[in-house]
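> Only the shape, not the letters, is given here:
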Ligand SMILES: [Zn+2]
């Protein structure tokens, strides 16, 4: 297809870099953005800049947060005796949408994937072990996607936690292999959570 140069090309090129946005969607978004008021575009641009500038990781669970401690860790209504281990912050939001869990989280920060240069030391496993030593949890739940990298991560975690004194469980799969938590519908996630299996 011949490339058509237009005044919107620089904007379309930027939008195309976003995940899940192809050339057609980018063009649609670009035409939408020039159809709204300048003020509306400024609000969007300001939110983008503000969010990116001020977002950080919760010092306790590594969820995304504007504060030092995220809204989950600082809540009084969470069950602080349950810990759910997830790979990425977006997984927390998938599980929160499913509304099946009310404990705390620990975000590893990715998956073990030596081919991509991600080794166990790159993840927040040391922080996890330290947390398990310092705080008491009645149950630790591993909620990691079932994929090649996800399974390698889960396997490694289990070996690190084999001497942990309290029960460890894993989401029931239930979840289709390769499914990402944040693309899984809420009822499937609820079932995967309530049907979680003891691994130790
Ligand atoms: Zn937190």
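Nice, I can see it. Since we're looking at a predicted model, the values are computed, not measured. Numbering: from 1, shown residues only.
> Strands of the protein, start to end?
56-57, 64-65, 79-86, 103-107, 139-142, 168-170, 197-198 (DSSP state E).
> which one of those is the most hemmed in?
strand 103-107 (a mean of 22; mean count of other C-beta atoms under 10 Å). No exception for glycine: its C-beta is placed from N, CA and C like everyone else's.
> and the strands of the chain as TSV, adding distance to residue 120 and mean pLDDT?
Formatted as TSV, those follow (distance: least, C-beta to C-beta, whole Å; pLDDT from 0 to 100):
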stretch	distance to residue 120	mean pLDDT
strand 56-57	19	97
strand 64-65	23	97
strand 79-86	13	96
strand 103-107	15	98
strand 139-142	15	95
strand 168-170	17	92
strand 197-198	23	81
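> which stretch among those strands comes nearest residue 129?
Smallest distance to residue 129 across those (C-beta to C-beta): 10.4 Å, for strand 103-107.
> got a list of what the residue nearest to residue 61 when sequence neighbours are not counted touches?
The shortest distance from residue 61 to any non-neighbouring residue, by C-beta to C-beta, 6 or more residues apart in numbering, is to residue 105 (4.8 Å). By C-beta atoms under 8 Å, 6 or more residues apart in numbering, the contact list for residue 105 reads 61, 63, 72, 83-86, 92, 95.
> hmm, back to that, of all the strands of the chain, which one is nearest residue 21?
That would be strand 64-65 among the strands of the chain, by C-beta to C-beta, at 21.1 Å.
> residues in the protein within reach of the ion, list them.
Within the chain, the positions near the ion by C-beta under 5 Å from the ion are 58, 60-61, 63, 70, 73.
> Show me how the record splits this protein into domains.
9-54, 77-198 (automatic domain parsing).
> From residue 186, how far out is the closest residue to residue 172 other than its chain neighbours?
What sits nearest to residue 172 in space, not counting adjacent residues and going by C-beta to C-beta, 6+ apart, is residue 195, at 3.6 Å. Residue 195 sits 15 Å away from residue 186, going by C-beta to C-beta, to the nearest Å.
> Kindly state the pLDDT recorded for residue 115?
Per-residue confidence (pLDDT) for residue 115: 87.
> ditto for the one 3 residues further on
pLDDT recorded at residue 118 is 89.
> got the contact list for it?
110-112, 149.
> Identify all contacting residues around the longest helix seen in the chain.
With DSSP state H setting the assignment, residue counts place helix 38-54 as the longest helix in the chain. Helix 38-54 is contacted from outside by 33, 66, using C-beta under 8 Å, 6+ apart.
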